[in-house]
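J.: Next comes the sequence, and after it the predicted model I'd like to discuss.
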Amino acid sequence: MKTPFIILFFFVSFIGLAQNNYIVKTEDGRRVLLKADYTWEYIDLEIPAAKTADSTLVAATLPVASNTCDLAPDFEEPKLNSKVQSQLKKGRATMKYVKKKVAKDYNCNEEDVLLISYKEQKEKGSYTLCANGSRVAYKRIGTKIMKKGKLF
């Protein structure tokens, strides 16, 4: 009696795994999800701003205010739990890697990223940082580091 249910379970699961979805980028920079049932949908609804040589030059020459995160002049970063940080070192999820990810996302140096506050455990963490003059929130689940509120 168990055999037909097991065969049915495997048959249904293989059908679900056999269908692949793909994410592609269009010429204007938007991402599109191509589904296995020959349908598609936009992931990014807005068209990204086109980068021109003039706009990158202007952005590079504008000074960023050093205290736009409303931090005190004598602000010091909070101390992290050394036990948790040493456990995260294996998976490359320490604060060093969080700052590296934030610096890459906001086009600044790692030294310009300041940790404002955090909640951290071995399995997950929540960080508020100041990057490029704005407050940003990032989360860590396991060893994956991403912006808070984003799925991918």
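T.: It's in.

J.: Just list the residues touching the residue lying closest to residue 69 once chain neighbours are set aside, thanks.
T.: Counting by Cβ to Cβ, 6 or more residues apart in numbering, residue 130 is the residue found nearest to residue 69 once chain neighbours are left out, at 3.7 Å. (Each C-beta comes from the backbone N, C-alpha and C, glycine too.) Residue 130 sits next to 69, 71, 113, 114, 116, 136 when contact means Cβ atoms under 8 Å, 6 or more residues apart in numbering.

J.: Test my guess that the last one contacts residue 129.
T.: Yes: Residue 136 lies in contact with residue 129 (Cβ atoms under 8 Å); the separation is 5.4 Å.

J.: When those two are compared, which one has more neighbours?
T.: Each of residue 136 and residue 129 has its neighbours counted (other Cβ atoms under 10 Å); residue 129 has more, 23 against 18.

J.: Could you list the paired strands of the strand or helix carrying the residue nearest to residue 69 along with their orientation?
T.: Following DSSP states H and E, one finds residue 130 within strand 124-131. If you go by DSSP bridges, strand 124-131 pairs up with strand 114-120 (antiparallel), strand 134-141 (antiparallel).

J.: Buried residues in that strand, which are they?
T.: By neighbour count with 16 or more other Cβ atoms under 10 Å, strand 124-131 contains the buried residues 125, 127, 128, 129, 130, 131.
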